[in-house]
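K.L.:
3D model of this:
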Amino acid sequence: MKPEIVILDFSGIYQEEDFYGEEQVSWVDLRGISGTNCYCDGEARGQILDRLEKYPASGIYFIDSGNYHYMSRIGAERMAEPFHLLVFDNHTDMQLPAFGGLLSCGGWIASALEEVGNLREVWLVGPDEEAYGQVEEQFKTRVHFLSREKLAEDRAKSLNGKSRDRGVRTESGAVNTLGVLSTLLQELPTDLPLYISIDKDVLCTEAAATTWSQGDMTLEEMLEGLSCLENHFSEKGGRILQVDICGECDPDESMENSRNDHANGELLKFWKDCLKRLDGRAV
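P.N.:
Next up, the predicted model:
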């Protein structure tokens, strides 16, 4: 069974891309809703939920730029069963809101931890240690964190040839140089299904062009790590409920968008095949 592919169009940027090509996609036009850029007020949230009502709380969702990453919080509240959350992001997204009652792109994980009853634990990959040090202690008790610094250290060791035998071989035969990432993803519990949220700002600027500061992970490193995750879930009988992807650039910067288009295409291909394989597996 093919996973549902849903494109949430807040800014119009996806009209400048063609990664979805010949795919059968559901296109949700959200451009006419006010009160959505970076922050989402109650009225906007209600309109968004109304428009999502006919779409499943599963599949692959493209949710525009990082300004709309709070859509992952809205996606999480649509989960009808207990689940874990895996996030790739260059930022913690656990800042307390500056304005009460508003859901923000910079605080959606904190909001989910506080308010989404079915969310159990979070695995966060990519922010730097200084940013994570500023997170409220109440949130850290349910968060497993892999920092940008640890990823960079592992990458440097591999490039220096000091840890070649630590790489994990993927199905394609490539060796994942990020041993700490592979280790983390292969230790994710499979007793509960997983929700995965990817902000492309965790990627280096050669791989994506976003509206926020970026990390230094390559797309190849991310895909290799995700292949390890798929193998782990396949072996252990785990389920992946939904994947969402954000990190588009501003429409005014669309000349930089070819990198995002390519990254989206590679991620879509991976997740479409991955979810089909997991869904078709006897569990």
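K.L.:
Quick one: classify the most centrally placed residue in the chain as helix, strand or coil.
P.N.:
Centrality entry for the chain: nearest residue to the mean C-alpha point is residue 198, 1.6 Å, by CA atoms, centre = their mean. Each residue gets one of three states, and residue 198 gets strand by DSSP: H, G, I helix; E, B strand; the rest coil.
K.L.:
Let me see the contact set for it.
P.N.:
87-88, 222, 243-247, 267 (CB atoms under 8 Å, 6 or more residues apart in numbering). Using the backbone N, CA and C atoms, a C-beta is placed for each residue, glycine as well.
K.L.:
need the helices for the stretch 51-200 of the chain, in chain order.
P.N.:
Assigned by DSSP state H, counting those that start in this stretch, the stretch 51-200 of the chain shows helices spanning 71-77, 108-115, 129-133, 137-140, 148-159, 179-186.
K.L.:
related to what we said a few turns ago, show only the entries of the contacts of residue 198 found in strands.
P.N.:
Using DSSP state E, the members of the contacts of residue 198 that fall in strands are 87-88, 243-246.
K.L.:
for those residues, which one is nearest residue 137?
P.N.:
Checking the ones in strands among the contacts of residue 198 against residue 137 by CB to CB gives residue 87 as the nearest, at 18.8 Å.
K.L.:
from what I can see that closest one touches residue 123, true?
P.N.:
Yes. Residue 87 lies in contact with residue 123 (CB atoms under 8 Å); the separation is 7.0 Å.
K.L.:
thinking again about what came up before, can you turn the buried part of the ones in strands among the contacts of residue 198 into a PyMOL selection?
P.N.:
Only the buried entries of those go into this PyMOL selection, using 16 or more other CB atoms under 10 Å:
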select buried, resi 87+88+243+244+245+246
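K.L.:
Rebuild the ones in strands among the contacts of residue 198 as JSON lines, extending it with pLDDT.
P.N.:
Output for the ones in strands among the contacts of residue 198, formatted as JSON lines (pLDDT from 0 to 100):
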{"residue": "87", "pLDDT": "98"}
{"residue": "88", "pLDDT": "98"}
{"residue": "243", "pLDDT": "98"}
{"residue": "244", "pLDDT": "98"}
{"residue": "245", "pLDDT": "98"}
{"residue": "246", "pLDDT": "98"}
